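Undergrad: I'll drop the sequence and a predicted model, then ask my questions.
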Amino acid sequence: MNQNKNDIILKVERELCKGCRICVEFCPKDVLAIAEDNKIIIKNIENCIKCGLCEMRCPDYAIYLGGIDDEQ
C-alpha cells in the first residue's frame with residue numbers, strides 16, 4: 001500500500017539522540033531544535049516539508065519519517 005505524503009509524520013526517538021545537531025543543521029525549514037537536555041525536539045512541525053534530510057543524516061537513527069499508524 002502506497003502512503004500519501006500527508007500520511008507521513010516526523011517522529012523522534014529522544015532516547016537514541018546524542019545531541020550531535022546534524023539534523024538541525026540540515027533541516028531546510030527550521031523544524032528542529034536542541035532542548036536543554038541536549039536532545040532533539042520538533043519546534044515547528046507545521047514547517048516540515050517531509051524531505052527526509054534529517055532522517056538521512058542522523059547517525060543514531062533518532063529521527064525519521066513514519067506512517068501515522070506506525071507503533072510509537
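TA: That came in fine, so what should we check first? Numbering: from 1, shown residues only.

Undergrad: would you say residue 33 is within a helix?
TA: No. Residue 33 sits outside any helix when classified using DSSP: H, G, I helix; E, B strand; the rest coil, being strand.

Undergrad: which residues sit in contact with the residue lying closest to it once chain neighbours are set aside?
TA: If the residues on either side of it in the chain are set aside, residue 33 comes closest to residue 43, at 4.3 Å by CB to CB, 6 or more residues apart in numbering. From N, CA and C alone the C-beta is placed, and that goes for glycine too. Shown in contact with residue 43 (CB atoms under 8 Å, 6 or more residues apart in numbering): 30, 31, 32, 33.

Undergrad: so among these, which ones count as buried?
TA: 31, 32 (16 or more other CB atoms under 10 Å).

Undergrad: now the contacts of residue 43 as JSON lines including distance to residue 24 and pLDDT?
TA: Formatted as JSON lines, those follow (distance: CB to CB, whole Å; pLDDT from 0 to 100):
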{"residue": "30", "distance to residue 24": "9", "pLDDT": "97"}
{"residue": "31", "distance to residue 24": "9", "pLDDT": "97"}
{"residue": "32", "distance to residue 24": "5", "pLDDT": "97"}
{"residue": "33", "distance to residue 24": "6", "pLDDT": "97"}
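
Undergrad: and which of the contacts of residue 43 is nearest residue 9?
TA: Closest approach to residue 9 among those (CB to CB): residue 31, at 11.8 Å.

Undergrad: related to what we said a few turns ago, what is the nearest of the contacts of residue 43 to residue 13?
TA: Among these, residue 32 lies closest to residue 13 (CB to CB), at 13.5 Å.

Undergrad: any idea how far residue 6 is from the closest residue in space to that closest one that isn't next to it in sequence?
TA: Of all residues not flanking residue 32 in the chain, residue 24 sits nearest, at 4.7 Å (CB to CB, 6+ apart). Distance, residue 24 to residue 6, by CB to CB, to the nearest Å: 24 Å.
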